[in-house]
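Student: A structural model of the following input is requested.
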Amino acid sequence: MDPVKFFDAIRPTLFHGSMTELQVAGITAILEAWTVHAPASDPRFIADSLGQVYWETEYTMQPIEEVGHGEGRAYGKPAGPYGQRYFGRGFVQLTWLAVYQHAETRLRFHNIAANLVETPDLALRPDIAAAILVFGMTEGWFTGRRLAQFFDGTRSDWVDARTIINGHDKAALIAGFALHFYHGLTA
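Tutor: Next up, the predicted model:
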């Protein structure tokens, strides 16, 4: 991938002609995570992850906290050994104590030390959020669905790939975002 061509391709289509330093930094963190944790991945995997993040972070491309911190939801109540609230955080809104526990265990397996159960705000660090994104989408952490189920050989199911993160919520819209990222990655 040529970074100049990539950013030149996505800037006008997804970012109305200009990007903030934080948007560039977030995208760069995600691209670096793919390079480090899943080298030689299918560009469709990377593009879909970027499209999901674009939507989930309200276009900021930065790890964010869920609006309202899960107030009124079961996962928004203190839980676990540290009495933390496991509301949505990160690039794709990690929620629930069990999911934070699973992410912590899987990150350790991949030699990434992040005590997410004790300190769930670690999911807001770009490097940790990006690792969660890459491994979560390739291994199926969030819904049991993973990227290889939607992108294999000549098969590309951009719309149903949304089920990796969140059912079919805004699936066609997010597929369009992912395709813009894909065109940038293959420019």
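Student: At the geometric centre of this protein, which residue do we find?
Tutor: Closest to where the C-alpha atoms of the chain average out (C-alpha atoms, centre = their mean) is residue 133, at 3.9 Å.
Student: got the contact list for the nearest residue to that residue once chain neighbours are set aside?
Tutor: Leaving aside its chain neighbours, residue 133 sits nearest to residue 91 (4.7 Å; criterion: C-beta to C-beta, 6 or more residues apart in numbering). For every residue, glycine as well, the C-beta is placed using N, CA and C. The contact partners of residue 91, by C-beta atoms under 8 Å, 6 or more residues apart in numbering, come to 26, 30, 52-53, 56-57, 63, 129-130, 132-133.
Student: Contacts only, for the residue nearest to the centre of the chain.
Tutor: Residue 133 makes contacts with 30, 33, 49, 52-53, 90-92, as judged by C-beta under 8 Å, 6+ apart.
Student: Surely it forms part of a strand?
Tutor: No: under the criterion used here (DSSP: H, G, I helix; E, B strand; the rest coil), residue 133 is helix, not part of a strand.
Student: Show the pLDDT at it.
Tutor: pLDDT recorded at residue 133 is 98.
Student: Longest helix in the chain, by number of residues?
Tutor: Looking across the chain with DSSP state H, the single longest helix is helix 21-37.
Student: From the contact counts, what lies against it?
Tutor: Contact here means 3 or more C-beta pairs under 8 Å, 6 or more residues apart in numbering; DSSP states H and E; on that basis helix 21-37 packs against helix 43-56, helix 126-139.
Student: can you list contacts of the first one?
Tutor: Outside helix 43-56, the residues that touch it by C-beta under 8 Å, 6+ apart are 1, 14, 26-27, 30-31, 34, 38, 61, 64, 91-93, 133-134, 137-138, 147, 150-151, 156, 158, 161-162, 164-165, 170, 173-182, 184-186.
Student: what pLDDT, on average, does the helix or strand just after it get?
Tutor: Next along the chain after helix 43-56, taking DSSP states H and E as the criterion, comes strand 64-65. In this model, strand 64-65 has a mean pLDDT of 97.
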